[in-house]
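>>> Sharing a model prediction with you, sequence too.
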Amino acid sequence: MTRIQVFDVNETLLDVGALAPHFTRAFGDGAAVREWFSTLLLYSEVATLAGPYADFAAIGGAALDMVAEARGLTVTTADRTAIVGAMRTLPPHPEVAEALQRLRKAGFRLVALTNSPPATAEAQLTYAGRTPFFEHIFSVDAVRRFKPAPEPYQHVAETLGVPIGALRMIAAHAWDIAVDGPA
């Protein structure tokens, strides 16, 4: 059975740190991007546990407000638009293309699974020039539950018509692979 490599997108393939100049302008501190992204991930998990579901971009906007408020700041509409919009144009990490080429050459099937909405995921990977590597780009929006809930991974396996044990998650975040079972 050919193993299917399931790639996370944000931070695994694409460099979220590239948003630092936007955070420097909005927060006076480019390092605030890490605080924001951590807050975004935390509240996406809260949405999965407690509901209701909101897409990753909506939670990202709310996370901006939370980080700004904690710092005694207000995010302008222009800064919010710039930051959320820049998520669509993140650069890939430099080693990504070679790694994906090597995996494809070795016969692995490659798919992406992201917390981002489908249109954002497509835009991100197209901008980064990585779309041709993936046979499918999955979004958690299909099941309305964020990773690491089991439903996104199960959806990938069901859609591809393979047992969940055929999937191998590749992610920069340990929580992304903290699911019950072999996925």
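Cool, got the structure.
>>> and the end-to-end length of stretch 2-13?
Terminal residues of stretch 2-13 lie 22 Å apart, using CA to CA, to the nearest Å.
>>> List the buried residues of that stretch.
I4, Q5, V6, F7, D8, V9, N10, E11, T12, L13 (16 or more other CB atoms under 10 Å). The C-beta positions use only the backbone N, C-alpha and C, and glycine is treated the same way.
>>> what do you get for stretch 58-77?
I59, G60, G61, A63, L64, M66, V67, A68, L73, V75.
>>> Render the CA-only coordinates of that stretch in PDB, please.
Extracted in PDB, the C-alpha atoms of stretch 58-77 (Å, rounded to 0.1, in the frame of the first residue of the first chain):
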ATOM      1  CA  ALA A  58     -12.600  34.800  11.300                       C
ATOM      2  CA  ILE A  59     -10.800  33.400  14.300                       C
ATOM      3  CA  GLY A  60      -7.600  35.000  13.000                       C
ATOM      4  CA  GLY A  61      -9.300  38.400  13.100                       C
ATOM      5  CA  ALA A  62     -10.600  37.900  16.600                       C
ATOM      6  CA  ALA A  63      -7.100  36.700  17.700                       C
ATOM      7  CA  LEU A  64      -5.700  40.000  16.300                       C
ATOM      8  CA  ASP A  65      -8.100  41.900  18.500                       C
ATOM      9  CA  MET A  66      -7.200  39.700  21.600                       C
ATOM     10  CA  VAL A  67      -3.400  40.200  21.100                       C
ATOM     11  CA  ALA A  68      -3.900  44.000  20.500                       C
ATOM     12  CA  GLU A  69      -6.100  44.400  23.600                       C
ATOM     13  CA  ALA A  70      -3.600  42.500  25.800                       C
ATOM     14  CA  ARG A  71      -1.000  45.000  24.500                       C
ATOM     15  CA  GLY A  72      -3.200  48.000  25.000                       C
ATOM     16  CA  LEU A  73      -3.500  48.600  21.300                       C
ATOM     17  CA  THR A  74      -6.200  48.700  18.700                       C
ATOM     18  CA  VAL A  75      -5.800  47.000  15.300                       C
ATOM     19  CA  THR A  76      -6.900  49.300  12.400                       C
ATOM     20  CA  THR A  77      -9.100  48.000   9.700                       C
END
